[in-house]
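Asks: Give me coordinates for this.
(one chain, ligands or ions: 4)
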Amino acid sequence: MQVNTAAQWLGALAEQIPAQALKNLQIDSRQVSEGDVFFALPGHQQHGNAFIEQALAQGAALVITDEAPAAFVEHPQVIVMVDLINQLQGLAAQFYQHPASQMKLIAVTGTNGKSSTSCFVQQLAQQLHHNAAVIGTLGYGHPDKLTPLPNTTPHAVEIQKILAHLLEQNHQLVAMEVSSHAIVQQRIEGLMFQVGVFTNLSRDHLDYHGSMEAYGAAKARLFTRHYCQQAVINVSDAFGAGLAAQCELPFCAIGTLEACRPFERYLAYSAVQPIPGGFSCKVHSPEGDFELTLPLIGLFNIENALAAIAALSLCGYPVAALCQAAAVLRAIPGRMEQFQFPHPLTLVVDFAHTPDALQLALEALRPHCRGHLWCVFGCGGDRDQGKRPLMASAAEGYADRIVITSDNPRHEDANQICQQIAAGMSETACYQIEPNREHAIKLALSEAQPNDVILVAGKGHETYQQIGDVFRDYDERAFIRQLQREMSR
Ligand SMILES: CC(=O)N[C@H]1[C@@H](OP(=O)(O)OP(=O)(O)OC[C@H]2O[C@@H](n3ccc(=O)[nH]c3=O)[C@H](O)[C@@H]2O)O[C@H](CO)[C@@H](O)[C@@H]1O[C@H](C)C(=O)N[C@@H](C)C(=O)N[C@H](CCC(=O)O)C(=O)O
Ligand SMILES: Nc1ncnc2c1ncn2[C@@H]1O[C@H](COP(=O)(O)OP(=O)(O)OP(=O)(O)O)[C@@H](O)[C@H]1O
Ligand SMILES: N[C@H](CCC[C@H](N)C(=O)O)C(=O)O
Ligand SMILES: [Mg+2]
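Replies: Ligands and ions are numbered 1, 2, ... in the order given. As a prediction, the model looks like this:
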């Protein structure tokens, strides 16, 4: 059967199966169980049509596709929907009873800082007594009990399912990471965010987008009336300043006082002072000035925290209360997370996996380092290969000792990735190569001297290492805790 609109789809459903008999919408046949609707969708590698038989065998009540394969043209449970990709979010929203209409949604995009900023939005809203959740790289839900997700930004259908679940748990506000892949792949189609936040743009994902122009253009699409009502833009970032100059949405600029000066609405920072475990600074806005004390290391966290404060202020929360609440912000798992070792030695696990983030993480640690600053890092396989020499330059420029290791090799050879990183080092660079990640960490720990600081970058919160199609158990933070125990005996 062929249908053209969501209304027809619902009509078709009513004829065949009572809607309440349908359990869930699924985009992956492997997740289908009795009573589910399976959307067989085109992908980069294959068409979901290849899994119709499997989905039906697992009890799918209905299959919706954009083009039925010959064997299923007359099948009573297979519906062909014209222009399916553009209707998906609408269908899913209808099926899950429009959960987004009962919540505040905040989108966060940018190369780095999406997870941090969205988690800060969640923490601040929660402190001001609003039940808030996140959707992003770390999973979805309340940060104390996150459900893992395969992607940073889930598929359009999954988003509606997750929002319905979060609403059921009484969440009133959701901070959601929006990746550039998600914008291009229409995963956020049909959503309207109260606020869209832009953190920054630097080199990443060129394997997917092809050029920085295309990557930037993908991010910029979020900041239109199609997706957002208002925006927060980091104007200290060069791309952000350009975005602000052309933004059709009402927006609040964030950044240094200097960068924010041209803008009518802003939250700017100045007078940054290091304090034990963090920073204090002044926050300036047209409504007045505020003090901000942040218990977080990494200067970039000032921008992340300000972005979160600005986003919530656009939702109606008072800036003064938000600045006060920021004093107890907690670091995100695997972001500048510190582990103390005897001698004394500090090891820091951070999720920096772009040249910009690696440089900033190392710069952030330098003031905390009285000895040598170490950098243990690798680069992900099946990702932008051009990042490799740039990450090497960042490490060489800002660390004293370097151990090149593996990250997630995926379908590439780990040794070869290490060699491609090494090719970006100058002749005088001081580095070692140890492709085994655990061995690389142990190597740095065994050679480090008292008062050295070791940055272990790239995997942060991840609890696996992907080698080929295998996700082997590898929880870097747990591994380091175990080393801490062994070395303190
Ligand atoms: C390149 C890319 O973005 N791929 C995404 C895409 O997969 P695909 O098009 O390759 O799917 P496919 O394998 O061809 O399969 C086609 C369809 O058949 C279905 N299928 C497939 C196999 C099966 O057994 N049964 C089945 O039903 C699939 O669910 C899919 O609907 O659609 C899938 C389902 O939504 C995504 O999980 C998948 O993300 C992959 C895992 C990925 O690595 N994506 C990365 C690049 C990504 O999107 N990253 C960003 C983060 C970036 C950042 O943080 O900066 C993200 O948002 O996660
Ligand atoms: N505002 C920022 N500017 C630059 N670097 C940042 C910023 N915030 C965090 N970082 C660095 O980037 C790393 C990743 O941070 P975070 O997880 O918040 O980013 P993300 O955008 O969610 O990343 P991903 O795209 O992988 O989901 C951190 O571990 C830190 O090194
Ligand atoms: N969202 C990023 C995460 C990278 C994490 C890093 N550990 C790697 O595997 O490169 C990506 O999928 O490109
Ligand atoms: Mg993230």
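Asks: Now do the same for whatever residue of the stretch 301-450 of the chain ends up closest to ligand 4: its pLDDT.
Replies: Using CB to the ion, F351 is the residue of the stretch 301-450 of the chain that sits closest to ligand 4, at 7.8 Å. Heads up, the C-betas are built off the backbone N, CA and C, glycines and all. According to the prediction, F351 has pLDDT 98.
Asks: pLDDT wise, what is L306 at?
Replies: At L306, pLDDT is 98.
Asks: oh, I was asking about K387
Replies: Reported pLDDT for K387: 97.
Asks: Keeping just the C-alphas, turn stretch 473-481 into CSV.
Replies: C-alpha atoms of stretch 473-481 as CSV (Å, rounded to 0.1, in the frame of the first residue of the first chain):
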residue,chain,number,x,y,z
ASP,A,473,36.0,-3.4,26.9
TYR,A,474,38.3,-0.6,27.7
ASP,A,475,37.2,1.9,30.3
GLU,A,476,40.2,4.3,30.5
ARG,A,477,39.1,5.9,33.8
ALA,A,478,38.6,2.5,35.5
PHE,A,479,42.0,1.3,34.2
ILE,A,480,43.6,4.4,35.6
ARG,A,481,41.8,3.9,39.0
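Asks: Pull out the buried positions in stretch 428-438.
Replies: 431, 433-435, 437-438 (16 or more other CB atoms under 10 Å).
Asks: Do the helix or strand harbouring Q87 and ligand 1 come into contact?
Replies: Element membership for Q87 (DSSP states H and E) is helix 84-95. No. With CB under 6 Å from any ligand atom as the criterion, ligand 1 is not reached by helix 84-95; the gap is at least 10.5 Å.
Asks: Give the pairing partners of the helix or strand following that helix; include direction for each.
Replies: Stepping forward along the backbone from helix 84-95, the first helix or strand reached (DSSP H and E) is strand 104-109. If you go by DSSP bridges, strand 104-109 pairs up with strand 173-177 (parallel), strand 193-198 (parallel).
Asks: Please produce JSON lines containing those strands, extended by mean neighbour count and distance to A364.
Replies: Shown next, in JSON lines, are the strands paired with strand 104-109 (neighbours: other CB atoms under 10 Å; distance: least, CB to CB, whole Å):
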{"stretch": "strand 173-177", "mean neighbour count": "27", "distance to A364": "22"}
{"stretch": "strand 193-198", "mean neighbour count": "27", "distance to A364": "21"}
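Asks: Any chance of these in JSON lines with mean pLDDT and distance to ligand 1 as columns?
Replies: Shown next, in JSON lines, are the strands paired with strand 104-109 (pLDDT from 0 to 100; distance: least, CB to the nearest ligand atom, whole Å):
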{"stretch": "strand 173-177", "mean pLDDT": "98", "distance to ligand 1": "7"}
{"stretch": "strand 193-198", "mean pLDDT": "98", "distance to ligand 1": "14"}
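Asks: Just give me the neighbour total for A21.
Replies: A count of nearby residues for A21, using other CB atoms under 10 Å, gives 10.
Asks: thinking again about what came up before, quick check: buried residues in the helix holding Q87?
Replies: Residues of helix 84-95 classed as buried by neighbour count (16+ other CB under 10 Å): 84, 87-95.
Asks: Keep those residues, but drop any that are not near ligand 3.
Replies: By CB under 6 Å from any ligand atom, no member of the buried residues of helix 84-95 lies near ligand 3.
Asks: quick check, nearest of the residues you listed to L365?
Replies: Q89 (41.9 Å; CB to CB).
Asks: OK, contacts around that closest one?
Replies: By CB atoms under 8 Å, 6 or more residues apart in numbering, the residues touching Q89 are 156-157, 159-160, 186, 188-191.
Asks: Spit out the contact partners of the residue of the chain at minimum distance from ligand 1.
Replies: Proximity to ligand 1, evaluated over the chain using CB to the nearest ligand atom, is greatest for G43 at 2.2 Å. For G43, the contact set (CB under 8 Å, 6+ apart) is empty.
Asks: Next: L206.
Replies: 212, 215, 384, 386-387.
Asks: In the stretch 1-150 of the chain, where is pLDDT below threshold?
Replies: Residue ranges of the stretch 1-150 of the chain with pLDDT under 70: 1-20.
Asks: and stretch 166-175, anywhere near ligand 2?
Replies: No. Against ligand 2, stretch 166-175 shows no contacts by CB under 6 Å from any ligand atom, the least distance being 11.4 Å.
Asks: For that stretch, measure first residue to last.
Replies: Terminal residues of stretch 166-175 lie 12 Å apart, using CA to CA, to the nearest Å.
Asks: Report pLDDT for whichever residue of the chain sits closest to ligand 3.
Replies: Going by CB to the nearest ligand atom, ligand 3 is nearest to G380 of the chain, at 2.1 Å. G380 carries a pLDDT score of 98 in this model.
Asks: And for E427?
Replies: 92.
Asks: For the stretch 51-200 of the chain, which residues are neighbours of ligand 2?
Replies: 112-116, 137, 152, 177, 199-200.
Asks: same thing but 8 Å
Replies: Contact residues (CB under 8 Å from any ligand atom) of the stretch 51-200 of the chain with ligand 2: 108, 110-119, 136-137, 152, 177, 179, 199-200.
Asks: Please check these and keep the buried ones.
Replies: Among these, those classed as buried by 16+ other CB under 10 Å are 108, 110-119, 136-137, 152, 177, 179, 199-200.
Asks: relative to strand 193-198, how tilted is the helix or strand where L243 lies?
Replies: Per DSSP H and E: L243 is located in helix 238-246. Put simply, helix 238-246 runs at 140 degrees to strand 193-198, going by axes from the mean of the first three to the mean of the last three CA atoms, to 10 degrees.
Asks: now check helix 238-246, is it near ligand 1?
Replies: No. Applying CB under 8 Å from any ligand atom, one finds helix 238-246 separated from ligand 1 by no less than 14.9 Å.
Asks: which residues are in contact with that helix?
Replies: 198, 200-201, 216, 219-220, 223, 233-235, 251, 253, 255, 259, 263.
Asks: so which of those residues comes closest to Y269?
Replies: Using CB to CB, those come closest to Y269 at G255, 7.7 Å.
Asks: residues contacting the closest residue to that closest one other than its chain neighbours?
Replies: Closest residue in space to G255, ignoring its immediate chain neighbours: S236 at 3.3 Å, by CB to CB, 6 or more residues apart in numbering. S236 makes contact with 254-256, 259, 303 under the criterion CB under 8 Å, 6+ apart.
Asks: 10 Å - rerun?
Replies: S236 makes contact with 200, 253-256, 258-260, 268-269, 302-303, 306, according to CB atoms under 10 Å, 6 or more residues apart in numbering.
Asks: swap in I233?
Replies: Listed by CB under 10 Å, 6+ apart, the contact partners of I233 are 110, 196-199, 223, 239-245, 247, 249, 251-255, 263, 266, 307, 310.
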